[in-house]
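# sequence and predicted model, in that order:
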Amino acid sequence: MSGGRSLFTRFSETQVTLDDAVIGGRVMRDRGLEDDNAASLAAAVLDEEAARQRTQAERDGGVTLPDDLLPGVGDEPMTLREAFAAGGKGMAILLLLLNLVDELPRTVRVLAPDIQRSLGISDTVLFGVLGFGGVALVLGTVPMAALADRINRVVLVPIMSFFWAGTTFLSGLVVNPFQLFWTTAGTGLGQAYRIPVSNSLITDTYPIQARARIFAFEGVGRPIGQLLGPLMVGGIAVLIGGDDAWRWAYFILALPPVLLGIFALRLSEPERGRFEQEAVLSGEDALDVDELEPSMSTAFARLRKIRTFYALATGIGVVGFALIVVPGQFNLLLDRKYALDALERGIVESLIWLGSLIAIPIAGRVFGRKFREDPDSVVRIMGTLIMAAGIVYLVVLPIKVLGVLIVGLALAQALISAALVAAPMIIAAVSPYRIRTQAFSLLPVFIFLMGGFGGGVLGGQISDVYGNRTAMLILGPPGALIGGWLIRRGAHHIRRDISLSVEEMLEEQEEARRILDDPEAVPALQVRNLDFSYGPVQVLFDVSFEVGRGEVVALLGTNGAGKSTLLRAVSGLGIPDRGVVRLNGRTVTYAEAETRYRVGIVQLRGGAGTFPHLTIEDNLRTSLLSTDLDRAEVDQRIAAALARFPALEGRLDETAGSLSGGQQQMLALAMTLVQEPDVLLIDELSLGLAPVIVQDLLRVVEELKAEGQAMVIVEQSLNVALAFADRAVFMEKGQVRFSGPAQELLERGDLARAVFLGGEGG
């Protein structure tokens, strides 16, 4: 019997009674109502989403500044000579040469067949080993960028140049793929500083109007390196001869970085963000801003929320499949299908980069002009050039005539090289200057993790089975086409992202002047212009409020208003899309939660605030693990905290899980108090607790208030809030609707009712 037949049919297949018909009719009507309800619900959801997108678009438009307020847009053009006069020739020339010599170890792929035969390894092993140099570069780029945001960047240049010169020399001594793996990784690690540090130094050394030209000037180093490198490497191999000639190529390539490292000792450190500040502040002197050093995790989380940057980084990551796979596989193809020796392969490699020598300077001139006229067009042109390269790959890679194949690959490389000139100027425009070096570091992260190591291994596997040409066809054209399309998507957001960067700079200078004029009026906690999203859904909109020293603020609002999310953004548990958080006048926006915790922002989260399987004493001691207090100081703080909660005294050996809900809340509050915070954030103080427990907690809050403890307390009960709060901040749908004395909230009947009826959470 069919499993799809109804239960009614199974019981009666021969008779259909009137009752059955009635029941069937009711079922059909019920199903009809269900369908109508489902359709209505779906329509309501779609309407709500459309309304949300319209509102979001309106808010985005409100953030976008006119062109005359965007740094570099509408400015007068600047020639290369004028740029050198403003920033000096030395920096640009050195960075060009560093770019050039950085390419030399990578041109050893011309000798890939020789290395393969000497070490007796397969395509997959060879490209996996060589590709891991890119992974090491990525792993080093991130901490190098973070370090460069903390120290003088010019210090890193000679140190790391000497380091990778040494590992390159050692590559000539390897006798097995395992050793080559580590020396290649060391070279990649040593070169990790260059992309973020070089781009950052250019940005802070040369005026905005000249950046495109300087980036192009420095960028020419890569095609020159790719032009001379293969010729040099192939020439060395032919001149020396023998199976181990490739080793001498490594020995000789170790010399240039040593010479440049010595020259780099003369560099001086430029001021960070100088030209943006001059443009935004109209020539006024920028005031120093007191801030915590940006952490890597927070900086990257913030950068991911810059839409132009995220589109650019993901797009370039996909393009990495073409950038890495095509050159490597093409060299193997030249050896296996066209029987070219090392010198001949070097000549072909050089010819492919000839077009880039012409394209890059032209791109610098064009992108500079387009950015001044229309920043959106820079992103669109960049993506279009890369997509055009994908089409060229698709057309020429199947062609077996070597001359035509070389010309086609040279054209594709010229298009990609020209497009990449725009990448650093886009990043410089949209990223906050204090984390700009880390922004530059994400480009190699995406290129090499997506296209470098992954593409190298995948391309090697495909070529082992289907051949080198097939590997290039499968990975090259799609990588360029999809990557270019992803980059173009960022064009719609670049004006808004530049505007947000300008807004942040203006706000920090305004606050710096306020602090300078009246240091005593600096609030304990300040939140300005805060936006926050969970994925694509924005939940906080332009939130601003302050907490004075010794002030207690009640954070009220309806269910889902964003109160808990706001506390997460303040404490560092969530990273905002926009806005600033300050503690005692010190910017902590880019500091991670652990750092904010150590400097005085402590949050008591709603719900589970204790470790249930640990004793009360262990819970309290655990909360002080991040401090450097000695045991006597720890004991003193624990005793002081327990003195506020008589219900916990004498029970230090009991587990937290054995306590009642109210007692666990007391313990959680005690765990925050032992930190002696500057600002205490409490999420849902009285939620779900008996009135007698609430009274005990309010007594503690009153004691803290009398001692001058600044607090922000999320509270669902207006009556409870009025019992302790100096001021109230009312939120609805992610926005601040009211901020003022708590008693005044009672006079706003609509808001007071919302607090009473809004329910829990938020």
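Yep, that arrived. These numbers come from a predicted model, not from an experiment. Numbering: from 1, shown residues only.

# separation between the closest residue to A491 other than its chain neighbours and F371?
Once flanking residues are discounted, A491 sits nearest to V379: 3.9 Å by C-beta to C-beta, 6 or more residues apart in numbering. C-beta coordinates here come from the backbone N, C-alpha and C atoms, glycine included. To F371, V379 is 10 Å away according to C-beta to C-beta, to the nearest Å.

# rewinding a little: next, the residue nearest to A491: phi, psi?
Here is the backbone geometry of V379 (degrees, to the nearest 10): phi -70, psi -40.

# the one 5 residues further on too?
When quoted as degrees, to the nearest 10, the phi and psi of T384 stand at phi -60, psi -40.

# can you pull the pLDDT of it?
T384 carries a pLDDT value of 97.

# find the nearest non-adjacent residue to V392, please.
A412 (4.2 Å).

# from R380, how far off is that neighbour?
From A412 across to R380, the span is 19 Å (C-beta to C-beta).

# for stretch 101-118, buried residues please.
101-116, 118 (16 or more other C-beta atoms under 10 Å).

# report the contact partners of the residue nearest to V392.
Applying C-beta atoms under 8 Å, 6 or more residues apart in numbering, we find A412 in contact with 326, 389, 392-393, 396, 480.

# among those residues, which two are most distant?
Taking C-beta to C-beta as the measure, the contacts of A412 span a maximum distance of 12.4 Å, between V396 and A480.

# next, the buried residues of stretch 550-561.
The neighbour-count check on stretch 550-561 (16+ other C-beta under 10 Å) flags 551-558, 560-561 as buried.

# ok, stretch 229-237 next?
Applying 16+ other C-beta under 10 Å to stretch 229-237 flags 229-237 as buried.

# between V396 and A480, which one's more packed in?
Ranked by neighbour count (other C-beta atoms under 10 Å), V396 and A480 place A480 first, with 30 against 18.

# I'd assumed L385 was in contact with that one.
No - A480 is beyond contact range of L385, at 9.7 Å (criterion: C-beta atoms under 8 Å).

# so what sits against both of these two?
I416.

# distance from stretch 594-601 to the middle of the chain?
The chain centroid and the centroid of stretch 594-601 are separated by 22 Å, computed with C-alpha atoms, centre = their mean, to the nearest Å.

# what count of nearby residues applies to the nearest residue to G221 once chain neighbours are set aside?
Of all residues not flanking G221 in the chain, N99 sits nearest, at 3.1 Å (C-beta to C-beta, 6+ apart). Applying other C-beta under 10 Å, we find 21 other residues in the vicinity of N99.

# separation between N99 and D630?
The gap separating N99 from D630 is 51 Å, by C-beta to C-beta.

# returning to that earlier point: the residue nearest to V392 and R598: what is the separation?
Here the criterion is C-beta to C-beta. By it, A412 lies 51 Å from R598.

# select from the buried residues of stretch 101-118 every entry located in strands.
Of the buried residues of stretch 101-118, none are assigned to strands by DSSP state E.

# run through who's touching the secondary structure element (helix or strand) that E702 belongs to.
E702 is located in helix 691-706, with elements delineated by DSSP states H and E. With C-beta under 8 Å, 6+ apart as the contact definition, helix 691-706 has outside contacts at 550, 552, 644-645, 647, 661-662, 665-666, 669, 673, 680, 685-686, 689, 711, 713, 720, 723-724.

# that older thread, okay, the buried residues of stretch 229-237 in TSV with secondary structure and distance to N529 next?
Formatted as TSV, the buried residues of stretch 229-237 follow (DSSP: H, G, I helix; E, B strand; the rest coil; distance: C-beta to C-beta, whole Å):
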residue	secondary structure	distance to N529
G229	helix	49
P230	helix	52
L231	helix	55
M232	helix	54
V233	helix	53
G234	helix	57
G235	helix	59
I236	helix	58
A237	helix	60
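
# between these, which is nearest P432?
The shortest approach to P432 among those belongs to G229, at 36.0 Å (C-beta to C-beta).

# phi, psi for G557 please.
phi 160, psi 170.

# need the pLDDT of it.
G557 is given a pLDDT of 84.

# so it bridges to which residues?
M731 (DSSP bridges).

# before we move on, what SS does R266 have?
Using DSSP: H, G, I helix; E, B strand; the rest coil, the secondary structure recorded for R266 is coil.

# now the strands for the stretch 651-762 of the chain?
Ranges of strands in the stretch 651-762 of the chain, per DSSP state E, counting those that start in this stretch, are 679-683, 710-714, 727-732, 735-741.

# pull the CA atoms of the longest one into PDB?
In this case it means strand 735-741. The C-alpha coordinates for strand 735-741 follow below in PDB (Å, rounded to 0.1, in the frame of the first residue of the first chain):
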ATOM      1  CA  GLN A 735      18.100  54.100  18.700                       C
ATOM      2  CA  VAL A 736      18.200  56.400  21.800                       C
ATOM      3  CA  ARG A 737      14.800  58.000  22.200                       C
ATOM      4  CA  PHE A 738      15.400  59.600  25.500                       C
ATOM      5  CA  SER A 739      18.400  60.600  27.600                       C
ATOM      6  CA  GLY A 740      18.000  62.700  30.800                       C
ATOM      7  CA  PRO A 741      17.200  62.600  34.500                       C
END
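
# so which bits of it are buried?
736-739.

# what of stretch 456-475?
Using 16+ other C-beta under 10 Å as the test for burial, stretch 456-475 gives 456-463, 467-475.

# can you pull the pLDDT of G87?
At G87, pLDDT is 90.

# list the contacts for it?
By C-beta under 8 Å, 6+ apart, the neighbours of G87 are 205-207, 210, 214, 270.

# which of the residues you listed tops the neighbour count?
Neighbour counts for the contacts of G87 (other C-beta under 10 Å) peak at A210, which has 29 neighbours.

# separation between it and S198?
16 Å.

# ok, D149 next?
If you go by C-beta to C-beta, the gap between D149 and S198 works out to 15 Å.

# and S118, by the same measure?
According to C-beta to C-beta, S118 and S198 sit 34 Å apart.

# repeat that for A301.
Taking C-beta to C-beta, one finds A301 at 25 Å from S198.

# quick one, helices of the stretch 301-450 of the chain?
307-336, 342-373, 375-396, 402-420, 422-430, 436-446 (DSSP state H, counting those that start in this stretch).

# before we move on, what about the stretch 151-300 of the chain?
Under DSSP H, counting those that start in this stretch, the stretch 151-300 of the chain gives helices at 156-171, 177-190, 194-205, 211-219, 221-240, 245-253, 255-264, 274-280, 296-304.

# outside of stretch 139-154, which residues touch it?
Residues from elsewhere that reach stretch 139-154 (C-beta under 8 Å, 6+ apart): 156, 160, 188-193, 195-197, 200-201, 264, 267-269, 293-296, 299, 434-435, 437-438, 440-441, 444-445.

# hang on, the earlier thing: how far away is the residue nearest to V392 from G383?
Going from A412 to G383 by C-beta to C-beta gives 15 Å.

# then S717?
In this structure, S717 and G383 are 53 Å apart, going by C-beta to C-beta.

# related to what we said a few turns ago, I'd like to know which of the contacts of A412 is nearest to E82.
After measuring the contacts of A412 against E82 - C-beta to C-beta - the closest member comes out as A389, at 32.2 Å.

# what's the burial count for the closest one?
31.
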